[in-house]
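In: Here's my sequence, what's the structure:
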Amino acid sequence: MDSKRQQKFASLLTKELAEVFRRDMPHLFAGTLPPSITALRVSPDLGVASVYLSVLLAQNPQEQVQLIQDHTKDIRFALAKRVRNQMRVVPDLRFFLDNSAAYATHMDKVISDLNIPPVPPEDDDQPQRPRLFADED
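Out: Modelled structure (predicted):
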């Protein structure tokens with residue numbers, strides 16, 4: 001469970017990091033949308049931030065995340081310029097691909113492909129189940 005301080009810190013980082021992706025680093029995402037930050041978790045000492053990204057419309061999302069990881073230093077510098085008056089130290093950034101949307105789509109397809117037979121209608125010839133309580137109808 002994150003403390004209130006961690007939650008506030010993570011919220012500020014999420015907002016400002018999204019702006020860095022959108023305004024300061026658009027050249028990294030030529031031809032695709034900037035990644036969405038699905039989660040950001042901060043260590044208790046506020047020294048490390050784990051950023052989970054969802055990459056849309058990219059041919060290979062893992063390559064996109066690798067490109068972001070390669071430019072972590074530049075992203076951290078741009079983030080530091082934005083939050084210099086609100087944070088004393090900018091945490092180390094670690095980027096990870098969030099596959100939850102792809103997994104949800106896969107599970108939706110699996111569930112849709114299930115062949116579940118319909119429930120047969122109740123027959124009047126079947127005996128009634130016993131009533132356990134007097135107030136059951």
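
In: any low-confidence regions in this protein?
Out: For the chain, the stretches with pLDDT under 70 are 1, 122-137.

In: ok, which stretches of it are strands?
Out: When secondary structure is read from DSSP state E, the chain shows strands at 36-42, 48-54, 92-97.

In: Mind putting these into JSON lines with distance to residue 105?
Out: The C-beta positions use only the backbone N, C-alpha and C, and glycine is treated the same way. Listed next are the strands of the chain as JSON lines, based on distance: least, CB to CB, whole Å:
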{"stretch": "strand 36-42", "distance to residue 105": "14"}
{"stretch": "strand 48-54", "distance to residue 105": "12"}
{"stretch": "strand 92-97", "distance to residue 105": "15"}
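
In: looking at those strands, which is buried most?
Out: Compared across these, strand 48-54 shows the largest average neighbour count, a mean of 19 (mean count of other CB atoms under 10 Å).

In: Packing partners of that one?
Out: For strand 48-54, the helices and strands in contact under the criterion 3 or more CB pairs under 8 Å, 6 or more residues apart in numbering; DSSP states H and E are helix 4-19, strand 36-42, strand 92-97.

In: Now the longest one: buried residues?
Out: If you call a residue buried by 16 or more other CB atoms under 10 Å, then helix 4-19 has these buried ones: 6, 9-10, 12-14, 16-17.

In: Reformat the helices and strands packed on strand 48-54 as a markdown table; add distance to residue 48.
Out: Putting the helices and strands packed on strand 48-54 into a markdown table (distance: least, CB to CB, whole Å) gives the following:
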| stretch | distance to residue 48 |
| --- | --- |
| helix 4-19 | 11 |
| strand 36-42 | 7 |
| strand 92-97 | 5 |
